[in-house]
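Asker: prediction below, plus the sequence it came from.
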Amino acid sequence: MMRKTAKGGARTPRPKRQPIRLGEIKTGRIANRLRELHELGGDPAYERFRASEELFLVLEHAQTWAGKLKQPKDSLVNVVGEAALLRVKLWQYLREQADAGQSWLSGRP
């Protein structure tokens, strides 16, 4: 039995969307909230959590110990889920900052 071939010519590619940019965010506040969530979630290495100003190290710690967070039974906050969203937001912010620095170095707007 022969397979049917696609009818028509070549497909046209979809137009690219503009990327969603976070812009300026309060990274210190987000890092502090992430610290609170790790304390609530019982992070075994909580005492080694970095200062809010050391954003990359905060993210590295949060990423390393994310699997050890537990949802407290008496908490109304989804500790694990909110911590994951905050990590994603901070990683995206760092990525945007790196992209802006690289475009500035290469002379592109």
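Answerer: On my side now, so go ahead. On a predicted model such as this, the values are computed, not experimentally measured, just so you know.
Asker: excluding chain neighbours, what is closest to Leu37?
Answerer: Among residues not flanking Leu37 along the chain, Ala83 sits closest, at 4.4 Å (CB to CB, 6 or more residues apart in numbering). C-beta: built from backbone N, CA, C; applies to glycine.
Asker: Phe49: neighbouring residues, count only.
Answerer: Close neighbours of Phe49, defined as other CB atoms under 10 Å, add up to 19.
Asker: now do the residue nearest to Leu37 against Ile30, distance only.
Answerer: As defined by CB to CB, to the nearest Å, Ala83 lies at a distance of 11 Å from Ile30.
Asker: between these two, which one's more packed in?
Answerer: Just comparing Ala83 and Ile30: by other CB under 10 Å the higher neighbour count belongs to Ala83, 24 against 19.
Asker: now for the longest helix along the chain, which elements pack on it?
Answerer: When the chain is parsed with DSSP state H, its longest helix is helix 79-106. If contacts are counted by 3 or more CB pairs under 8 Å, 6 or more residues apart in numbering; DSSP states H and E, helix 79-106 sits against helix 27-40, helix 55-65.
Asker: in it, what counts as buried?
Answerer: Val79, Glu82, Ala83, Ala84, Leu86, Arg87, Leu90, Tyr93, Glu96 (16 or more other CB atoms under 10 Å).
Asker: do the same with stretch 69-79
Answerer: Neighbour-count burial for stretch 69-79 [16+ other CB under 10 Å]: Leu69, Val79.
Asker: just the CA trace of that stretch, in PDB.
Answerer: Output of stretch 69-79 as PDB, limited to C-alpha atoms (Å, rounded to 0.1, in the frame of the first residue of the first chain):
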ATOM      1  CA  LEU A  69      11.600  21.100  48.800                       C
ATOM      2  CA  LYS A  70       8.500  19.800  50.400                       C
ATOM      3  CA  GLN A  71       5.000  21.200  50.500                       C
ATOM      4  CA  PRO A  72       4.100  21.900  54.200                       C
ATOM      5  CA  LYS A  73       0.700  20.500  55.100                       C
ATOM      6  CA  ASP A  74      -0.400  23.700  56.900                       C
ATOM      7  CA  SER A  75       0.600  26.100  54.200                       C
ATOM      8  CA  LEU A  76      -1.900  27.600  51.800                       C
ATOM      9  CA  VAL A  77       1.000  28.600  49.400                       C
ATOM     10  CA  ASN A  78       2.200  26.100  46.800                       C
ATOM     11  CA  VAL A  79       5.800  26.300  47.900                       C
END
